[in-house]
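>>> Build me a structure from this.
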Amino acid sequence: MRPSRSPWVAATAVVLACGSHNAQQFAGDASSSQEAGIDGGGPSKDGGGSDSPSFCTNDDCDGDGYAPPADCNDADPLINPEAYDFLADGVDNDCDGKVDDPVLTCETAPSTPPGTPTDFARAADLCAQNSKTNAGTVFDPLVHAAWGQVQGLGPGQTLWTSQTKPTIQTAIVSSFGSNAAQQGKTMAGLANGPWAATDPRDSAALDPTGFQLSDACSDIPLQGSDCTSLTNGSVSGGVNVQDWAELALTVKVPSNAKSVVFDFAFLSSEFSQWWNSAANDAFFVLVTSKELTGQNVARDAHGLAVTVNSGFFQLCPAPPGPSMLSDPTAIQNCVGLSGDPSQKIFGTLAGTGYDGAAKGTNDTVNAVNGDLYVYGGGSGWLTAKFAVTPGEQILMRVIIADTFDGLKDSAVLFDDLRWEPASENGVGRPPTAQ
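All right, here's what the predicted structure looks like:
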């Protein structure tokens, strides 16, 4: 885990013109991370005024749960063994005796592929740190990791369950095509079909024939715009999801962290045939915390999950595209298969299977009705931030699933889970490529 790349403009909003397919940068001001300072006297046990000396007679003067010598600054509750040692601030935040030495990467080679859920958390850089807690163990923000599922009733009150199939749908990778890890040597990969399929448009559904949830929004559950993300923002009745892939992470926030940050890249073979339509594959990170009750934090400017309809979906053949394309409007804001650094759109479709290479179609595919569509596309790398309360325990559900049916698959790369000292929310483009 590492601090945010500089220079990041605060993630308070992502501005898009209505209906635009063009992602913009953040705007706003970030608050200071160092809210608690040393005033010379330290906290007062008897509440004495600032005009007279005051002295603490407690073992834990700053009330952070740690007493000296474990707490190397007992006048600052942001400094203790459960803090994150942010780089470049010149402070030994975690009291391990060294300044600015966080553990940034912790990937391991799984003994049995694809690895355990904990291995996937480590691949995404959620790492144990150097400091020792009161229990005598190193501080580890990862409390628990597990594969998830969705379960609900279908027609005829049939109970259906779509479970993550890790040996089929997941992988710890150092690269995906020409996309490299954002931090360290590895990243986590999830797909709603076979991972790294050469032709994800033609992969068979993974769940049994007849699988159908009558109301996936209630079963997941999804609220408000998170639910309408499955139908391109339109209000609808029950909708089905299947071929579920979920990595569920229970995390203890460091005592001085106010935001969680992570990078992701979404790819889908539903583009461009199902662009601007409902029932698209979607990527969610649903968070339960003191501030959030299961809402998605990986949203576009319209508050919807990232799908082929998102303004961020720009990694696709640039206009005019292949001749005789059935709907050229779909690619009007595409920048090419390998992004555009001048617009901070990083990443590539090359070697991923989402460029149509397996078909030899020069990025196009003929649909059943004879219409011509672009084979697939992607969002490029995005960075998501969400505010948290220092020291709280949160649940992050990293999810990708098919909507409506199990055909025409999608995938997501998830990496570089890290902390920031200021409270920020939003999704935007990273300032530099890795």
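>>> pLDDT value on residue 29, please?
Predicted confidence (pLDDT) for residue 29: 35.
>>> can you pull the contacts of residue 247?
Neighbouring residues of residue 247 by C-beta atoms under 8 Å, 6 or more residues apart in numbering: 117, 120-121, 145-148, 164, 170, 188, 190, 397-398, 414. Glycine gets a C-beta too; all of them are placed from N, C-alpha and C.
>>> Among those, name the ones in helices.
Counting by DSSP state H, the part of the contacts of residue 247 found in helices is 117, 120, 121.
>>> ok, back up a step: who wins for neighbours among the contacts of residue 247?
Within those, most neighbours by other C-beta atoms under 10 Å means residue 188, with 29 neighbours.
>>> Quick check: that residue vs residue 197, distance?
17 Å (C-beta to C-beta, to the nearest Å).
>>> Any idea how far apart the tips of stretch 345-359 sit?
Terminal residues of stretch 345-359 lie 26 Å apart, using C-alpha to C-alpha, to the nearest Å.
>>> Show me the helices in the protein, by range?
All helices of the chain, identified by DSSP H, fall at 117-123, 166-169, 216-219, 225-228.
>>> For burial, what's the neighbour tally of the closest residue to residue 231 other than its chain neighbours?
The shortest distance from residue 231 to any non-neighbouring residue, by C-beta to C-beta, 6 or more residues apart in numbering, is to residue 278 (4.2 Å). The local packing of residue 278 (other C-beta under 10 Å) involves 17 other residues.
>>> any low-confidence regions in the stretch 1-150 of the chain?
Residues of the stretch 1-150 of the chain meeting the criterion pLDDT under 70: 1-54.
>>> for it, what spans make up the strands?
With strands called from DSSP state E, counting those that start in this stretch, the stretch 1-150 of the chain shows them at 142-147, 149-153.
>>> Pull the number of nearby residues for residue 69.
When neighbours are counted by other C-beta under 10 Å, residue 69 registers 8.
>>> again with residue 290
Burial of residue 290 is recorded as 12 neighbouring residues (other C-beta under 10 Å).
>>> Now it. Nearest residue, chain neighbours left out?
residue 389 (4.8 Å).
>>> what's the pLDDT at that neighbour?
pLDDT for residue 389: 98.
>>> Same check on residue 249?
With respect to pLDDT, residue 249 scores 98.
>>> And the one 4 residues further on, by the same measure?
Per-residue confidence (pLDDT) for residue 253: 98.
>>> Surely it and residue 392 touch.
Yes: using C-beta atoms under 8 Å, residue 253 makes contact with residue 392 at a distance of 5.2 Å.
>>> neighbour count winner among these two?
Remark: of residue 253 and residue 392, residue 253 carries more neighbours, 22 against 14, as counted by other C-beta under 10 Å.
>>> list the contacts for the more buried one?
By C-beta under 8 Å, 6+ apart, residue 253 lies in contact with 141, 260, 388, 389, 390, 391, 392, 393, 394, 419.
>>> how many neighbours does the second one have?
Translated: residue 260. For residue 260, the count of nearby residues is 26 (other C-beta under 10 Å).
>>> For it, list each beta-bridge partner.
Taking DSSP bridges as the rule, residue 260 bridges to residue 386, residue 419.
>>> distance of it from residue 150?
Using C-beta to C-beta, residue 260 is found at 23 Å from residue 150.
>>> what's the first-to-last distance across stretch 84-97?
With C-alpha to C-alpha as the measure, the first residue of stretch 84-97 is 13 Å from its last.
>>> try stretch 304-323
Start-to-end span of stretch 304-323 (C-alpha to C-alpha) is 31 Å.
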